[in-house]
Structures are given as C-alpha cells and as structure tokens.
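Asker: Have a look at this prediction, sequence included:
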Amino acid sequence: MDEITLGKLSRAQLQKVAKDHGVKANMKSVVIIQEVVKLSKDVPPLQDEESEEPQRKKAKMTEERHPAAGPSTRTVDVPVDTSCECHVP
C-alpha cells in the first residue's frame with residue numbers, strides 16, 4: 001500500500017489496516033501510514049486486498065445442537081442467611 005491510498009482511508013479503516021500489519025493502531029494517522037508503508041515494502045501481503053476475508057470457524061455444537069462446553073449463563077438463586085449476630089469489639 002502507498003501513502004496516497006492509506007491517506008484516503010477513514011480513521012477506522014486505517015486502524016484496521018494497521019492491526020492487520022501488526023502496527024499499533026492508537027498512534028497518529030501520519031505515523032500509522034509511515035509504519036504500514038515501511039512494513040508493506042519489507043513484507044509481502046498475506047492475501048490480496050480484493051480477496052474476501054477467510055470464513056470464521058463455526059462454534060462447535062453438541063449432538064443436541066447446543067453450544068459446546070463453556071461458561072454457564074444460567075442464574076441460580078441461593079438462599080443467604082442475613083441474620084448476623086456479630087460482635088465487634
């Protein structure tokens with residue numbers, strides 16, 4: 001990518017390009033452009049700019065078509081004893 005093309009991108013698009021090239025995206029746009037141009041000259045791109053993004057893997061499903069193991073999102077009410085006879089000296 002060249003400076004002119006990168007300069008025409010919106011800030012959000014420029015940040016995405018920066019992340020794709022391993023450049024910190026929280027720098028000034030001018031610095032991001034310089035770094036991306038420098039890296040793109042040294043390292044060939046991983047894929048064509050016009051090629052589609054690779055498809056994301058689908059979540060693994062169990063036989064019952066529920067998401068595979070993960071943190072529980074179920075809420076459980078647990079009785080709590082609120083009677084406290086604490087004596088603080």
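Answerer: Received it, and whenever you're ready, just let me know what you need. Residues are numbered from 1 along each chain as shown.
Asker: okay, CA-based contacts and neighbour counts for the rest of this
Answerer: Noted.
Asker: does Lys16 count as helix, strand or coil?
Answerer: helix (DSSP: H, G, I helix; E, B strand; the rest coil).
Asker: Now do the same contact list for it.
Answerer: Neighbour list for Lys16: Ala25 [criterion: CA atoms under 8 Å, 6 or more residues apart in numbering].
Asker: Check the one 5 residues further on too.
Answerer: Residues counted as contacts of His21 (CA under 8 Å, 6+ apart) are 36, 39-40.
Asker: where exactly do the helices run in this structure?
Answerer: 3-7, 11-20, 29-42 (DSSP state H).
Asker: Quick check: buried residues in the first one?
Answerer: By neighbour count on 16 or more other CA atoms under 10 Å, the buried set for helix 3-7 is Leu6.
Asker: what's the angle from the helix-or-strand element of the chain with minimal mean pLDDT to helix 11-20?
Answerer: Every helix and strand of the chain was ranked by mean pLDDT, DSSP states H and E. The lowest is helix 29-42, at a mean of 88. Computed by axes from the mean of the first three to the mean of the last three CA atoms, to 10 degrees, the angle separating helix 29-42 from helix 11-20 equals 40 degrees.
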